[in-house]
Structure formats: C-alpha cells, structure tokens
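**Student:** What follows is a predicted protein model with its sequence.
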Amino acid sequence: GLYFAAQEYGALPVTLWYMGPLVWNQAWLVLYTWLQHNDPSVPQYGPDEWTWVKGALSTIDRPYGIFDFFHHKIGSTHVAHHLFHEMPFYKADVATAAIKAYLEPKGLYNY
C-alpha cells in the first residue's frame, strides 16, 4: 500500500497526491455533516425525551447551491433522508415537498 508507494515514489508525492486529497475529502464530509445536524433551531434531546422521530427530525434542510447537484441534494433534502433513509435520492425532492407541507403548519419544519 502506502508504504510501498512511498518507497517507490517518495514520501512527498504520496503525501501530496494521496494524503492531501484524503484529508480534504474527510474534512469536507465532517463539515458538511456538522452543518446538517447543528443549527440554533435544531432541538437537543436528553435520554428521557428522545424518540426515533424526534431524532430523525433533529436536522435541517440546508441548500448548498451548486453543491446540491454534486451531492444529489442530500443537503436540501436532509429531513427526508433521515425519515426515509432507503428512499432513492431522485425521489427526495417530492418527499421533501410533502414533508414540508405536512410539518410546516405544525411548526415542526422551520428550516
């Protein structure tokens, strides 16, 4: 693996061409996930209050402009993803509209 690549090509090229993109990718995923699950409007529940539905709704739909295309709209359809995790991404827009129409009048979808 990486040890043999470093022996063959040197530590610097392996770091630049493998470790650099890997760290960038992982940092992006952590940031993206953190932004979806943390917002002042997202409630935090203790062990006695938490239920599966409350947990699933403890996220926000946060559109990311052009990145929505590259991430199959997981940012702008994240509540639907939490409620219906096996649903294909190409159905998420329709599900998000239905979820928003149902939850928004109840004050449960304000993102």
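**Tutor:** Alright, I've got the coordinates.
**Student:** contacts, neighbours, all on C-alpha from now
**Tutor:** Will do.
**Student:** Quick check: buried residues in whichever helix or strand residue 36 is part of?
**Tutor:** Using DSSP states H and E, residue 36 falls within helix 20-37. For helix 20-37, the neighbour count (16 or more other CA atoms under 10 Å) marks 36-37 as buried.
**Student:** Dump that helix to CSV, keeping only the CA atoms.
**Tutor:** Taking C-alpha atoms only, helix 20-37 is exported to CSV below (Å, rounded to 0.1, in the frame of the first residue of the first chain):
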residue,chain,number,x,y,z
GLY,A,20,-3.7,15.7,0.8
PRO,A,21,-6.9,14.8,-1.1
LEU,A,22,-7.9,12.2,1.6
VAL,A,23,-7.7,14.8,4.4
TRP,A,24,-9.5,17.4,2.2
ASN,A,25,-12.3,14.9,1.5
GLN,A,26,-12.7,13.9,5.1
ALA,A,27,-12.7,17.5,6.3
TRP,A,28,-15.4,18.3,3.8
LEU,A,29,-17.5,15.4,4.9
VAL,A,30,-17.2,16.3,8.6
LEU,A,31,-18.1,19.9,7.9
TYR,A,32,-21.0,19.1,5.7
THR,A,33,-22.4,16.6,8.2
TRP,A,34,-21.9,19.0,11.1
LEU,A,35,-23.7,21.8,9.2
GLN,A,36,-26.7,19.4,8.6
HIS,A,37,-27.1,18.4,12.2
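**Student:** Contacts for it, please.
**Tutor:** For helix 20-37, the external contacting residues (CA atoms under 8 Å, 6 or more residues apart in numbering) are 58-62, 75, 78.
**Student:** Let's have those residues in TSV, adding secondary structure.
**Tutor:** Shown next, in TSV, are those (DSSP: H, G, I helix; E, B strand; the rest coil):
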residue	secondary structure
58	coil
59	coil
60	coil
61	coil
62	coil
75	coil
78	helix
